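1. Give the three-dimensional model of this entry:
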Amino acid sequence: MGSGTISGYYGLVAGCVPEAYRPVAPGESIAEADARWVEGAWPAFGAPTRCYLAAKAFASWLAYQGRGARTMAFSLDVALSVLRVHCAAQREAAGRPLDRPLFTEAVRRADELLVHLASREALARALSRVEWS
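-> Got it, this is the predicted structure:
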């Protein structure tokens with residue numbers, strides 16, 4: 001399981017992606033980039049972030065492939081971490097503060113990783129470990 005940090009959770013998901021498609025984490029330390037560039041702007045994105053997480057909770061294949069309620073709750077924590085990584089990466093690449101277009105692209109990238117690149121079976125197994133910890 002991840003180390004309980006944003007970068008640890010991102011690594012957990014990236015580890016579920018087949019080798020040929022595995023993403024490379026942003027160049028700067030993820031936690032450092034998140035704290036420096038995203039944290040201050042984060043409150044402005046509270047409502048869209050809650051909508052994103054609600055969609056993850058209610059339209060989730062993990063409800064069927066996971067092992068229980070703890071897995072579902074953990075998956076939301078992981079999804080939030082992946083989103084924050086992509087917010088930091090978008091901000092860093094654009095060289096400007098996090099804004100709506102960068103946030104929207106971060107949501108796209110987070111979903112690409114969580115829904116399209118990561119193996120559903122591998123991710124369900126990795127997240128379900130929380131049921132026994």
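2. From here on, just use CA atoms for contacts and neighbour counts.
-> Fine.
3. Spell out which helix or strand contains Leu123, please.
-> Taking DSSP states H and E as the definition, Leu123 sits inside helix 120-128.
4. by contact count, what packs against that helix?
-> The criterion is 3 or more C-alpha pairs under 8 Å, 6 or more residues apart in numbering; DSSP states H and E, and the helices and strands that helix 120-128 contacts are helix 62-65, helix 69-94.
5. Between helix 69-94 and it, find me the angle.
-> On the basis of axes from the mean of the first three to the mean of the last three C-alpha atoms, to 10 degrees, helix 120-128 is oriented at 110 degrees to helix 69-94.
6. Please list the outside residues in contact with helix 120-128.
-> Contacting residues not belonging to helix 120-128 are listed as 1, 12-13, 16, 62, 65-68, 70-71, 74-75 [C-alpha atoms under 8 Å, 6 or more residues apart in numbering].
7. Name the residue closest to the centre of this protein, please.
-> Note on the chain: the residue nearest the mean C-alpha position is Val82, at 1.7 Å, using C-alpha atoms, centre = their mean.
8. Could you find the closest non-adjacent residue to it?
-> Nearest-residue entry for Val82: Tyr10, 5.4 Å, with adjacent residues in sequence omitted and distances by C-alpha to C-alpha, 6 or more residues apart in numbering.
9. What mean pLDDT does the helix or strand where the one you found lies get?
-> Secondary-structure element containing Tyr10, defined by DSSP H and E: helix 6-14. Rounded to a whole number, the mean pLDDT of helix 6-14 is 86.
10. Kindly report the same for stretch 107-122.
-> The predicted model assigns stretch 107-122 a mean pLDDT of 93.
11. now the end-to-end length of that stretch.
-> Taking C-alpha to C-alpha, to the nearest Å, the first and last residues of stretch 107-122 lie 22 Å apart.
12. Buried residues, it. List them.
-> Of the residues in stretch 107-122, those buried by neighbour count under the rule 16 or more other C-alpha atoms under 10 Å are 107, 109-111, 113-114, 117-120.
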